[in-house]
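S.K.: My questions concern the predicted model and sequence given below.
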Amino acid sequence: WILTIAGAILIVLALKEWVVNPYRIPSSSMEPTLNCAKGPANPGCLGDSSDRVLACRICLDFGSPSRGDIVVFNTPTEAALKCGEGGTFVKRVVGLPGETVHESNKGFILIKKPGTPEFVKLKEPYLPAQSRLADSQHFGQTWTVPPGSYFMMGDNRAQSCDSRTWG
């Protein structure tokens, strides 16, 4: 029995280290898509318990993230400095390498792909209208996504420290 239990523990630890890792949603930045647990530390959370996501550690070996994917990543240094947050972020991929991202004065995200003359409005069915308008701090701003980088945003724009702040 001891060998069987030890073998099972080793398999679980190996899967967690190299294949898939569970994460608890740490903040309200992705609500209502993913909920965090409300409480004194998270007053903006809607849920009674935190949602959990399984992050695929090997998926990037088979292809790059696509627009609309929800990804888990380590907090960039600039985000820790500008937002005072650290640890792990859970955000949605909005802009791909080389693209230009613009937030309109009504909170819509517009994307201009490299080599194209005009911006195209991003379809965001996951974003309630009140979320779009709740944060006007970045209205009218434009960002260019560097090669090899991605533009990340939370679904709860007013509560999200994202690429609009830290690049």
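M.R.: Looks like it came in fine. Since this is a predicted model, take the numbers as computed values, not measurements. Residues are numbered from 1 along each chain as shown.
S.K.: list the helices and strands whichever helix in the chain runs longest packs on?
M.R.: Longest helix in the chain, counting residues (DSSP state H): helix 2-18. The helices and strands touching helix 2-18, judged by 3 or more CB pairs under 8 Å, 6 or more residues apart in numbering; DSSP states H and E, number zero. C-beta here means a position set from N, CA and C on the backbone, and glycine is covered the same way.
S.K.: what does that helix contact?
M.R.: Pro22, Arg57, Ile58 (CB atoms under 8 Å, 6 or more residues apart in numbering).
S.K.: again, 10 Å this time
M.R.: For helix 2-18, contacts defined as CB atoms under 10 Å, 6 or more residues apart in numbering pick out Asn21, Pro22, Arg57, Ile58.
S.K.: what's the answer for stretch 100-108, then?
M.R.: 94-95, 109-114, 116, 119, 121-124, 127, 129-145, 151, 153, 157, 163-164.
S.K.: Could you turn the buried ones of the residues you listed into a PyMOL selection?
M.R.: Buried residues among these (16 or more other CB atoms under 10 Å), as a PyMOL selection:
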select buried, resi 94+95+109+111+112+119+122+124+127+131+132+135+138+143+145+151+153+157+163+164
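S.K.: Can you tell me which of the contacts of helix 2-18 are buried?
M.R.: Buried among the contacts of helix 2-18 (16+ other CB under 10 Å): none of them.
S.K.: any chance of those residues in a markdown table, with secondary structure, distance to Arg67 and pLDDT too?
M.R.: Putting the contacts of helix 2-18 into a markdown table (DSSP: H, G, I helix; E, B strand; the rest coil; distance: CB to CB, whole Å; pLDDT from 0 to 100) gives the following:
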| residue | secondary structure | distance to Arg67 | pLDDT |
| --- | --- | --- | --- |
| Asn21 | strand | 23 | 88 |
| Pro22 | strand | 25 | 87 |
| Arg57 | coil | 21 | 85 |
| Ile58 | coil | 21 | 88 |
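S.K.: how about a markdown table for those, with distance to Ile11 added?
M.R.: Listed next are the contacts of helix 2-18 as a markdown table, based on distance: CB to CB, whole Å:
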| residue | distance to Ile11 |
| --- | --- |
| Asn21 | 14 |
| Pro22 | 15 |
| Arg57 | 15 |
| Ile58 | 16 |
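S.K.: give the contact list for Gln130.
M.R.: Neighbours of Gln130 in contact, by CB under 10 Å, 6+ apart: Gly107, Ala158.
S.K.: do you know how far it is from Gly39?
M.R.: 23 Å (CB to CB, to the nearest Å).
S.K.: Contacts only, for Ile111.
M.R.: 67, 94-96, 99-102, 119-122, 145, 151.
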